[in-house]
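>>> Pasting the sequence and the predicted coordinates here, then a few questions.
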Amino acid sequence: MRYTIQEIATAIGAVAVGDTSLTIGKLAEPAQATADDLALATSPKYAMSLQNGAALAAVLWPGAEWQEMGLKGAILPDRPRYAMAGMTRMMDEGQGFVSGIHPSAIIDETAVLGAEVSIGPLTVIAAGVSIGAGSVIGPQCYIGQDAVLGNNAYLRDHVSVGARVRIGNRFTAQPGASIGGDGFSFVTAEPSTVEQTRRSLGDRGDTKAQQWTRIHTLGGVLIGDDVECGMNCTIDAGTIRDTVVGDGTKIDNLVHLGHNVVVGKNCLLCGQVGVAGSVTIGDNVVLGGQVGVSDNIFIGDGVIAGGGTKILSNVPAGRSILGYPATEMAKQIEGYKALRRLPKLLRDFAALKKQVSGGETEP
């Protein structure tokens, strides 16, 4: 797969300069780039590494002095990082999945497959499933009873979609993603120790052991258009109503969404985020890695939570938060700085105490 500098620039709406007929075979970081590569030197910091490689052409930034870098050609996009989306899409060779339906796939006779659907080896398609045109279902996937996938779905290997899950167009799932499992919902015959603790926030006195009884999962999962799920992410089905993921939301590896969760449009949920049951998340929310969200709360539109944040209560729209428990990011950072100064403050206090008392103080 080879392209000229001009072809790449035209495809991403950028300016090409120098010898635009140069052809390249792949993208590379500046220090590792060969004469056959297009180096990604999208800022002055990265461009410093060009001298360690052998690239003849590079992606730079507007106004970059490309000739002084010893290059024969360059692409100068207005927003270099955004340009990477278009370039990587052009150069993506995919996973090598073969088109058509593999003879080892098991497809129920009541399933409906759209035009040009591809089904990989050892995949199972259950009764009543509907898969939209142009979809690619990789090897060893499972699509449960009455599930619906829209057009141009792309499921990598070992993806599981449970019964009655409904997914929109252009859905992508990475290996091991599991959608539509039962929610983690159990109850005891009498108020449990968990319920007592929620009320008292303290000691409960004498308690008796009780058996946990499952509350069955009757709902499904409803996913909008242009949603992506990372490797080994899990989305529980709703208990009665559906768990919902809005259009354009991207879910990273090892993210878990509990039963009845509602996630809005164009959210980013980064690696190892855990969202407990019945949480409502607004549009354009970003949850950094390992953010934890307590059950039955809401997070407003546009909230950004830094990595490791633990959200225990409702968050107003537009708030940037950090820490455990979550507070406004600026206040949390101020608190961290004060904590680092605490040992010095204690030493200063001990010295002042000694000076005032005129004697020795305990260490």
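In hand now; what should we look at? All values derive from a computational prediction rather than experimental measurement. Residues are numbered from 1 along each chain as shown.

>>> where along the chain do the helices fall?
5-12, 44-47, 80-91, 193-200, 329-357 (DSSP state H).

>>> can you redo these as CSV with mean pLDDT, distance to Cys141 and mean neighbour count?
In this view, the C-beta of every residue, glycine as well, is placed from N, C-alpha and C. Below are those laid out as CSV (pLDDT from 0 to 100; distance: least, CB to CB, whole Å; neighbours: other CB atoms under 10 Å):
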stretch, mean pLDDT, distance to Cys141, mean neighbour count
helix 5-12, 95, 31, 19
helix 44-47, 92, 38, 14
helix 80-91, 93, 23, 15
helix 193-200, 81, 36, 12
helix 329-357, 87, 40, 11
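
>>> Please produce a markdown table containing the ones you listed, extended by distance to Gly150.
Output for the helices of the chain, formatted as a markdown table (distance: least, CB to CB, whole Å):
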| stretch | distance to Gly150 |
| --- | --- |
| helix 5-12 | 26 |
| helix 44-47 | 38 |
| helix 80-91 | 20 |
| helix 193-200 | 39 |
| helix 329-357 | 37 |
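
>>> For Glu109, grab the count of nearby residues.
Using other CB atoms under 10 Å, Glu109 has 5 other residues around it.

>>> confidence score at it?
Looking at Glu109, its pLDDT stands at 96.

>>> Out of the helices of the chain, which is closest to Leu149?
helix 80-91 (21.7 Å; CB to CB).

>>> what sits up against that closest one?
For helix 80-91, the surrounding residues in contact (CB atoms under 8 Å, 6 or more residues apart in numbering) are 1, 3, 8, 11-14, 26-27, 38, 40, 42-43, 59-61, 75, 77.

>>> If any of the residues you listed are buried, put those into a ChimeraX selection.
Buried members of the contacts of helix 80-91, defined by 16 or more other CB atoms under 10 Å, are picked up in ChimeraX with:
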select :3,8,12,14,27,38,40,42,59,60,61,75,77
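
>>> correct me, but Lys168 touches Asp247?
Just so we're on the same page, residue 168 is Gly rather than Lys. Yes: Gly168 lies in contact with Asp247 (CB atoms under 8 Å); the separation is 7.1 Å.
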